[in-house]
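Enquirer: here is a sequence together with a model predicted from it:
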Amino acid sequence: MSPNDNWYGSVFRKLHLDYHQPPWMPGVAAQVTPELARQQAGMFRESGVEAVEFFAHDHHGYCFFPADPPGRPHPGLGSDYVGNMTAALKAEGLRTIAYLNVYTNIWLKDEHPDWVLRTPDGARIGGGWLQFEGSFMCPSSPYLREYFLPLLGQLVRRYDLDVIWLDAGIWLADTLCHCDYCRATYRADIGRELPQGWPSPATRPSDVKKWAQHNPPQAQRWTLSDADGEDENWLAWTTWRLGQVPPYLKAIRETLDSVRPGILFTDNSSGRFTLPQPLVKDGRLARWLRPAELGIDFQSSDPVPWGGNHEIILSREGRYHATSGLAFDFMNERFHKWGEWQLRATTDFELEFATILAVGGRCFFADQPYPDGTLEPAIYAELRRAYDFVAQREPFVRDAELVPDVALLASAPSQLFGPLGSGRNPGRVDYGLVGGDHAARRTDRIDGAHLALTELGIQTLLYDEPTLRERLADQTAVVVAEQPLLEEATLDALARYVEDGGSLLVTGRSGWWDETGRARTNSQLYDLLGLRVQDVYPAPVHYVRTRDTFRGDAALPDIPLQCWGTAVAVEPVEASVLADLLGPLPAVWRDGVQDEAHWRHYTTMGACPPDKEVLGPAVTVRRYGKGFAFFSAVDPFAAYRHEGHHLARLFIARLMALVAPAERRRLSAEKPLNVELSLQRQGERLIVHLLNYTGQKRAGNLAHVEELIPVRDILLRVQTAVCPKQVILQPGNTPLPYDFAAGVTTVVVPELQIHAMVVFE
């Protein structure tokens, strides 16, 4: 499927009206008469909006239309909100999107207590963020079949809707439940009893099952996920539970097609690389699915619900969505976070919209009506400014696609299973505070790699395994940032890619397990790297000392670089050593015993001086066929995500200069770190997007931006193959002088405010 297979990809400016209403709220939508709905629809159109999402069924389980059983209208509903909005929007020529929350409901627990999710001790917890006991409906129960699907069919029959947008489906379907349905189904499918609780280091049993031994490594000292006490049953349960999502999406599709063929639907966050979905047969993993196989018509999500750096997240997630073949959009919101009535600066919105456009997405602005359904007109004056900004840029992103250059592999199972990817050493929970950040996630490696490569001006796209295998020939280089679980077909494809002239970087324990979590008994990937794996080192922190052959003339100081996390002990067989690995000073080990029980902190934050003795290789390279395979014994990316350290960035910059030299890449630049680049192809022309992230200092998670400092004289080099007829700076239609030599066009962008596009025609 391509983004142009349905109309959704052609709509750039959408509006979401967030409207969850507690059951005690009176006068819900009472002011939304047909007349007011027409006024609002006119205001939306004048502000540049092309499609509007409004609520039909909220997270309390109430409907915003006069629903028949099994649905229940909101107790305080004052109008047919869905009907009035649908008619008014259609009259203004706007597309209609109905929002429905799926797996939360605060009133069904009394009528169907067996449908409610239960903890192992029998408690009925609240769903999602709800403060109502027993409001989480279990996906294993008949809830979907007997309540939600009939309600969905009723809604679609009654109203002229273009899209169904589902929430709290995929991302709530991974919660441990001990209801009777889960107990019986899991036992029948897997032949096991359900796990008894969420994994926790504090409750990890001493006899917890280890990962199977890896050969050649002689010892692996972590459990299924290292520090969180998972075992084989937890892996089996997680796969089984996530395997319930594709059938749920299929049931939605079948219900919609039976009532109104052609209506589009999506599920919030379906297809994100952080939420991979398996195809499960007979309770076991058959394979991991690509986003285009989920049955949704497009991808859509609210990726930053509780704050966070919007631009980083939008860029990272979008660079994966862009490889899926589906149209996609992201919500950003008028408020500081969901559930408020504040207003951020329009500069914020413009920068977020520009980021979405630069990575190939569409825009979706979120507002929140007051309980009576009224809105603040001033919000739409600001939205008009922001959507005018988008409309100026649409001609240069419509039907465009991102150009591949350096691929970052996001293996689906590696985001869920295997060693953690943070600054602390996985499996060493008693080491205490090391690395300066307790937060540990398996996605940290991808997060850090995206951040570092973006700062370095490297055009990066994220790929799942099957998609990368299909598109390896398009890649200048491939980065495998410690992806522990990899498919055999991927290892074979990477070997062919390097042999045919590709450049590959592998870090850490990549490929030690297959996609099901089984330890490999061969060293196929390390054969490609020209290495023999011996073990992992016991310390939580290591140091890299680069050699002259690594540094070259780079601005990289000749001092040991601190790297938190596990380091792999390797022996070169057919590889050259570019940097050496040092351990911590031996005195930190009590009684000279190098294990967790004998580790001693040297400083408050857990760091310690480096030893002078070389443990083994830290960075190696092997010439294989026509290409090169690089290896780093420590993964620098996860630590960079947490610390953003200057020396780590210099190290990564030099490593990437060897793996993907600027002269080989399709896009390179001389720019500040805060400028992000994106290269798109639109027909016969290439377009470079430039984004300025210079912001104000803030103590919280959300980086508010009210003013930007212009960036001047950014030098771009783009492989255009032939000399362009002209190079134009957009918006503004300003011709730029340029040079062309050896297939590369060089141009200087005189000034960048928020966002600019350089068009090579």
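Expert: Arrived safely, thanks for sending.

Enquirer: contacts and neighbour counts: CA atoms only from here.
Expert: Fine.

Enquirer: show me what counts as buried in stretch 544-556.
Expert: Using 16 or more other CA atoms under 10 Å as the test for burial, stretch 544-556 gives Val544, Arg545, Thr546, Phe550, Arg551, Leu556.

Enquirer: what bits of this protein have low per-residue confidence?
Expert: 1-4, 198-230, 305-307, 422-440, 604-606, 696-701 (pLDDT under 70).

Enquirer: and the buried residues of stretch 544-556, which is closest to Pro710?
Expert: Leu556 (28.5 Å; CA to CA).

Enquirer: just list the residues touching the closest one, thanks.
Expert: Taking CA atoms under 8 Å, 6 or more residues apart in numbering as the criterion, Leu556 is in contact with Leu647, Leu650, Phe651, Arg654.

Enquirer: which of the buried residues of stretch 544-556 lies closest to Thr603?
Expert: Once CA to CA is applied, the member of these that ends up nearest Thr603 is Val544, at 19.7 Å.

Enquirer: what's the most distant pair in the contacts of Leu556?
Expert: Top of the distance list for the contacts of Leu556 (CA to CA): Leu647 and Arg654, 10.7 Å.

Enquirer: the two: which is more packed in?
Expert: Applying other CA atoms under 10 Å to Leu647 and Arg654 shows that Arg654 carries more neighbours, namely 20 against 16.

Enquirer: which elements pack onto the helix or strand harbouring that one?
Expert: Element membership for Arg654, per DSSP states H and E: helix 646-659. Packing contacts for helix 646-659, counted by 3 or more CA pairs under 8 Å, 6 or more residues apart in numbering; DSSP states H and E, involve strand 503-507, helix 548-551, strand 561-564, helix 636-643.

Enquirer: partners of the first one, with directions?
Expert: It stands for strand 503-507. strand 477-480 (parallel), strand 627-632 (parallel) (DSSP bridges).

Enquirer: same list (those) but as TSV, adding distance to Ser270.
Expert: As requested, the strands paired with strand 503-507 are exported to TSV (distance: least, CA to CA, whole Å):
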stretch	distance to Ser270
strand 477-480	23
strand 627-632	33
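
Enquirer: deepest-packed of those strands, please.
Expert: Greatest average neighbour count among those goes to strand 477-480 (a mean of 26), per mean count of other CA atoms under 10 Å.

Enquirer: now that strand, how far from the chain's geometric center?
Expert: 18 Å (CA atoms, centre = their mean, to the nearest Å).

Enquirer: give me the contacts around it.
Expert: For strand 477-480, the external contacting residues (CA under 8 Å, 6+ apart) are 405-410, 502-507, 510, 659-660.

Enquirer: at 7 Å what do you get?
Expert: 405-409, 502-507, 659-660 (CA atoms under 7 Å, 6 or more residues apart in numbering).

Enquirer: what residues of the helix holding Arg654 count as buried?
Expert: Quick answer for helix 646-659 (16+ other CA under 10 Å): 647-659.

Enquirer: quick one: which of the strands paired with strand 503-507 is nearest Ala493?
Expert: strand 477-480 (11.6 Å).

Enquirer: next SSE after that closest one?
Expert: That would be, after strand 477-480 and using DSSP H and E, helix 488-499.

Enquirer: what's the first-to-last distance across stretch 652-671?
Expert: Terminal residues of stretch 652-671 lie 17 Å apart, using CA to CA, to the nearest Å.

Enquirer: I should have written stretch 506-521 there, sorry.
Expert: Stretch 506-521 end-to-end distance (CA to CA) = 19 Å.

Enquirer: run the chain-centre distance for that stretch.
Expert: 21 Å.

Enquirer: show me what counts as buried in it.
Expert: 506-517, 519-520.

Enquirer: now do stretch 236-255
Expert: So for stretch 236-255, counting by 16+ other CA under 10 Å, buried means 236-246, 248-249, 251-253, 255.

Enquirer: what's the angle from the helix holding Arg654 to strand 503-507?
Expert: 150 degrees (axes from the mean of the first three to the mean of the last three CA atoms, to 10 degrees).

Enquirer: from the contact counts, what lies against the helix or strand that helix 646-659 is followed by?
Expert: Beyond helix 646-659 in the direction of the C-terminus, DSSP H and E gives the next helix or strand as strand 667-670. Helices and strands touching strand 667-670, by 3 or more CA pairs under 7 Å, 6 or more residues apart in numbering; DSSP states H and E, are strand 711-719.

Enquirer: contacts for the helix or strand just after the strand it packs on?
Expert: Next helix or strand after strand 711-719 toward the C-terminus (DSSP H and E): strand 727-730. The contact list for strand 727-730 (CA under 7 Å, 6+ apart) reads Thr734, Pro735, Leu736, Ala756, Met757, Val758, Val759, Phe760, Glu761.

Enquirer: drop anything exposed from those.
Expert: Leu736, Ala756, Met757, Val758, Val759, Phe760, Glu761.

Enquirer: check contacts around the second one.
Expert: The one in question is Ala756. Residues in contact with Ala756 (CA under 7 Å, 6+ apart) are His689, Leu690, Leu691, Gln730, Pro731.

Enquirer: list the residues that contact Cys723.
Expert: So Cys723 contacts Phe740 (CA under 7 Å, 6+ apart).

Enquirer: same check on Leu531?
Expert: Val570, Glu571, Pro572, Val573, Glu574, Ala575.

Enquirer: the helix or strand harbouring the second one packs against which elements?
Expert: By that I understand Glu571. Element membership of Glu571 [criterion: DSSP H and E] is strand 568-572. If contacts are counted by 3+ CA pairs under 7 Å, 6+ apart, strand 568-572 sits against strand 531-536, strand 610-624.

Enquirer: tell me how the chain divides into domains.
Expert: In terms of domains, the chain is parsed into 7-103+138-173+245-399, 406-537+566-580+617-659, 671-760 (source: automatic domain parsing).

Enquirer: now the ones you listed as TSV including distance to Arg124?
Expert: Formatted as TSV, the domains of the chain follow (distance: least, CA to CA, whole Å):
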stretch	distance to Arg124
domain 7-103+138-173+245-399	11
domain 406-537+566-580+617-659	26
domain 671-760	32
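
Enquirer: was I right to think Val32 contacts Tyr370?
Expert: No. Between Val32 and Tyr370 no contact is recorded; they are 10.9 Å apart, counting by CA atoms under 7 Å.

Enquirer: where along the stretch 151-300 of the chain do the strands fall?
Expert: Under the criterion DSSP state E, counting those that start in this stretch, the stretch 151-300 of the chain contains strands at 163-167, 264-267, 278-281, 284-288, 299-301.

Enquirer: which residue is most remote from the mean position of this protein?
Expert: Asp591 (44.3 Å; CA atoms, centre = their mean).

Enquirer: Gly83 versus the nearest residue to Ala554 once chain neighbours are set aside, what's the distance?
Expert: Counting by CA to CA, 6 or more residues apart in numbering, Arg654 is the residue found nearest to Ala554 once chain neighbours are left out, at 6.8 Å. Distance, Arg654 to Gly83, by CA to CA: 60 Å.

Enquirer: tally of neighbours for the residue nearest to Asp444 when sequence neighbours are not counted?
Expert: Counting by CA to CA, 6+ apart, Asp444 lies nearest to Ala638, which is 4.8 Å off, once chain neighbours are set aside. Ala638 has 30 neighbouring residues, counting by other CA under 10 Å.
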